[in-house]
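> I'll drop the sequence and a predicted model, then ask my questions.
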Amino acid sequence: MSSPDPAVVLLDIEGTTTPIDFVLRTLFPYARQRVGDFLREHHSDEATETDLAKAWDEYRADAGNADCPPWRDRQDLAQAAAYFRWLIDKDRKSPALKSLQGRIWQQGYDEGHLNGEVYPDVPGALQRWKSEGRRVAIYSSGSVLAQKLLFRTTVHGDLTTYLDAHFDTVVGAKRETASYTRIAESLSTSPSTILFVSDIAAELDAAANAGMRTALSIRPGMMEPGDNSPHPIAHTLDEALPPSARS
């Protein structure tokens, strides 16, 4: 029995819709450079206070690491900023960091210092899928706010008009099968009707275990997998779900 034609396309961001270099060489350095000033300017904001409280709790588990910078006083913003920079350097999937970064980036987008970047094939694929009656969702370790800012500010215009839902690690870790089950439940559909596209095989394994269809994104500069890859290879989003998939 053949798999149902995907009614939903679920997309990763880094290495799937957006060059990894944009995240590593633009977004992360931007947040790293400005985190100290941002904390000083916004430490009394409710959202920042929440992020600091969560980060303080996370720090207790990290304090034993030899390279972790000291944060001895909860009110010391300079030490807090050093800890956040350490988390950025480690590419940690810290909820506190992801939330704080999202607002730092929001300021950058609002001030015109940042613009979202996507691969050239992305706008056309999103538009086509919507015209075919499919829903399109994003699942990334970056916060929902960060996702929306990226897709709203591309040189191709506001691409959020093609996106129906956004998921971050609030729904669960990206390498856990239960996360994909929750996403399907949130979308009120069977996992078998969802195609998940990512450049990380372990994420695709988790999605496949939940019953989703998968495609492994291989963008320019990435290593091609071996012939025994359990996930179909896609060099573009059109390859992940070709126009002929739905008549």
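Now that the structure is in, tell me what you want to look at. Numbering: from 1, shown residues only.

> show me where the chain has strands.
8-11, 135-139, 165-167, 194-198, 213-217, 233-234 (DSSP state E).

> tell me, what residue is most central in this protein?
residue 140 (2.3 Å; C-alpha atoms, centre = their mean).

> how much space separates that one from residue 95?
Distance check for residue 140 against residue 95: by C-beta to C-beta, to the nearest Å, it reads 13 Å. The C-beta positions use only the backbone N, C-alpha and C, and glycine is treated the same way.

> correct me, but residue 156 touches residue 118?
Yes: counting by C-beta atoms under 8 Å, residue 156 touches residue 118, with 7.0 Å between them.

> higher neighbour count, those two?
The neighbour comparison of residue 156 against residue 118 (other C-beta atoms under 10 Å) goes to residue 118, with 22 against 15.

> what about this protein, any weak spots by pLDDT?
1-4, 244-247 (pLDDT under 70).

> mind running it again at 50?
For the chain, applying pLDDT under 50 flags the ranges 1-2, 247.

> please enumerate the helices of it.
For the chain, the helices defined by DSSP state H occupy 20-22, 28-42, 46-62, 77-89, 95-110, 122-131, 144-152, 177-186, 201-209, 237-240.

> closest one to residue 222 among the ones you listed?
When these are compared for distance to residue 222 using C-beta to C-beta, the nearest one is helix 20-22, at 8.5 Å.

> beta partners for the closest residue to residue 164 other than its chain neighbours?
Spatially, and ignoring its direct neighbours in sequence, residue 164 is nearest to residue 135 (4.4 Å; C-beta to C-beta, 6 or more residues apart in numbering). Judged by DSSP bridges, the bridge partners of residue 135 are residue 8.

> contacts for stretch 182-191?
4, 7-8, 10, 135, 137, 139, 165, 167, 171-172, 180-181, 194, 207, 210-212 (C-beta atoms under 8 Å, 6 or more residues apart in numbering).

> spell out for me the ChimeraX command that would select the buried members of these.
In ChimeraX syntax, the buried subset of the contacts of stretch 182-191 is picked out as below (16 or more other C-beta atoms under 10 Å):
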select :7,8,10,135,137,139,167,171,172,180,181,194,207,210,211,212
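
> how's the protein carved up into domains?
8-18+117-245, 23-110 (automatic domain parsing).

> winner for burial among those?
domain 8-18+117-245 (a mean of 18; mean count of other C-beta atoms under 10 Å).

> relative to the whole chain's centre, how far out is that domain?
Distance of domain 8-18+117-245 from its chain centroid, counting by C-alpha atoms, centre = their mean, to the nearest Å, is 10 Å.

> please apply the same query to stretch 47-56.
The answer for stretch 47-56 is 21 Å, by C-alpha atoms, centre = their mean.
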